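Student: Take this sequence and fold it.
(chains A and B)
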Amino acid sequence: MTATDIALTAEGLSKRYRRTWALRDCTLEVPAGRVIALIGPNGAGKSTLLRLSAGLLAPTAGTVRVLGEDPTANTPQVLARIGFLAQDHPLFKHFTVAELIRFGRSCNRRFDRHLVETRMAELGIPLDRRAGALSGGQQAQVALALALAKHPALLLLDEPMAALDPVARLEFLQVLMGAVAVDGVTVLFSSHAVPELERVCDHLVVLNGSRVALTGDIETLLAEHRLLVGPRVSAEPESSATIVSATHSDRHTTLLVRDGGGPTAPGWQANPVGLEELVLAYLRRTPAPTAEAVAA
Amino acid sequence: MFVFRLDSHSGVPTYLQLVQQVRQAVLLGFLQPGDRLPLIREVVETLAINPNTVAKAYRQMEQEGLAVGRPGQGTFITSTQTAALSPATYSALRRGLEAWLHQAYAAGLDRQAAAALFTTVQQSIDKEAA
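Tutor: Numbering: from 1, shown residues only, chains lettered A, B, ... in the order given. Just a heads-up that it's a prediction; the model follows:
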């Protein structure tokens, strides 16, 4: 991959708050032009990774490069290309929508005011309404429209839909996916709800216990993993495969393996695995004991 | 304009659902040669799905000769080799297949075994025809 195919690279990226590691030895590569899901339980390091990528935090160790540049340098060039929407989409509650738009214009080198105003009209959000008087779904839409107005190459969203009802979630995703189709913006967003990510994301980063548990193209990952069901065994049947998880009942054993879809051993039945099942299997694996486990 | 829908519990990959809906609509005559399919942006803004998924579905339709992309204009249904079925013929065929499938399940075949049997028979008939 050339530099333009990669939106974000992290190498040994680590962040420590006092004695607790929020993110540890994170190495990953995120392709451009994709919609990437950042999944993990609370405290897994999702927000930390997003804040490091937006240049809002400096790493304790390691490096992160966004669109080939160091975001912590905070140069206008790199900041202009990154959009960041913090958790709970904070807005200045006493500002009207029109004032927020004016504020966005004065703070950004490039700001497509027309795009925001058109979007507000489409969604029926009045420009003279104070942000605090809007519904949660409308606030999320205003925040998203403001973030998209700078036409970022990379959009970082921290749990954008956590507080939204199902209709507002759908509307949020419709606008977001529309921006991906029109602008080709790369989207990296965190969540802990897997099912709703399945329809929008094509790439996956799973964080667990401040480390990367799994990352890759979703289609490829699903093709590489299989559920094998067979007679109960104590020894593993296939030596070439990596066993992700094993569950045993009285008579049979179910194995989730990563084996690239090779031939199945006699007596075993292979089934494809779903995204949710795959993610859960990796989240249930106990991360290697670390300092924060002791601290917690 | 053709409207796609999505069944997130069917287990069928999203892009394949889109291809199947177009294939079926052509078969039933709901879509006719020259009809324009919605733009990728339009599909995405309706279904809230990844644009790459829609692009993949449209590529698949082009490979199958179901549709053709014209740069700057959109994706259009091509003239079909098979004539559109009348709704009566379609439902008769569907009922026949349903009856067969119920029989297969009653005989103890599971989903995969039934699908395997269908594919085997299809292959052997295709081979005879060739």
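Student: and the most centrally placed residue in chain B, what is it in contact with?
Tutor: Closest to where the C-alpha atoms of chain B average out (CA atoms, centre = their mean) is B:Q20, at 1.9 Å. Residues in contact with B:Q20 (CB atoms under 8 Å, 6 or more residues apart in numbering or on different chains) are B:V12. All C-beta spots, glycine's among them, are computed from the backbone N, C-alpha and C.
Student: In terms of helices and strands, where is it?
Tutor: Using DSSP states H and E, B:Q20 sits in helix B:14-27.
Student: next structured bit after that helix?
Tutor: Next along the chain after helix B:14-27, taking DSSP H and E as the criterion, comes strand B:36-37.
Student: quick check, the helix or strand following that following strand touching chain A?
Tutor: Using DSSP H and E, the helix or strand that directly follows strand B:36-37 along the chain is helix B:40-47. Yes. Using CB under 8 Å from any CB of the partner chain, helix B:40-47 reaches chain A at B:I40, B:R41, B:V44, B:E45, B:T46, B:L47.
Student: got the contact list for the helix or strand following helix B:40-47?
Tutor: Next helix or strand after helix B:40-47 toward the C-terminus (DSSP H and E): helix B:51-63. For helix B:51-63, the external contacting residues (CB under 8 Å, 6+ apart) are A:33-35, A:177, A:180-181, A:199, A:202, B:14-16, B:18-19, B:22, B:37, B:40-41, B:43-44, B:67-69, B:75.
Student: and helix B:51-63, average pLDDT?
Tutor: For helix B:51-63, the mean pLDDT works out to 94.
Student: Go through that helix and flag the buried ones.
Tutor: Within helix B:51-63, the residues that count as buried by 16 or more other CB atoms under 10 Å in any protein chain shown are B:P51, B:N52, B:T53, B:V54, B:A55, B:K56, B:A57, B:Y58, B:Q60, B:M61.
Student: Nearest to chain A among those?
Tutor: Taking CB to the nearest CB as the measure, chain A sits nearest to B:P51 out of the buried residues of helix B:51-63, at 4.0 Å.
Student: confidence score at the closest residue to that closest one other than its chain neighbours?
Tutor: Excluding its sequence neighbours, the residue lying closest to B:P51 (CB to CB, 6 or more residues apart in numbering or on different chains) is A:A181, at 4.0 Å. Looking at A:A181, its pLDDT is 92.
Student: check which helix or strand covers A:A181.
Tutor: Assigned by DSSP H and E, A:A181 falls within helix A:166-183.
Student: quick one, what contacts residue 41?
Tutor: Let's take chain A. Counting by CB under 8 Å, 6+ apart, A:P41 touches A:H192, A:N208, A:L283.
Student: my question was about chain B
Tutor: A:G178, A:A181, A:V182, B:P51.
Student: What residues does chain B have near chain A?
Tutor: When proximity is defined by CB under 8 Å from any CB, chain B lies next to chain A at B:6, B:8, B:11, B:14, B:40-41, B:44-54.
Student: ok, now with 6 Å
Tutor: Applying CB under 6 Å from any CB of the partner chain, we find that chain B lies next to chain A at B:I40, B:R41, B:V44, B:E45, B:A48, B:I49, B:N50, B:P51, B:N52.
Student: ok, back up a step: out of the contacts of B:R41, who's the most crowded?
Tutor: Among those, the one with the most neighbours (other CB atoms under 10 Å in any protein chain shown) is B:P51, at 23 neighbours.
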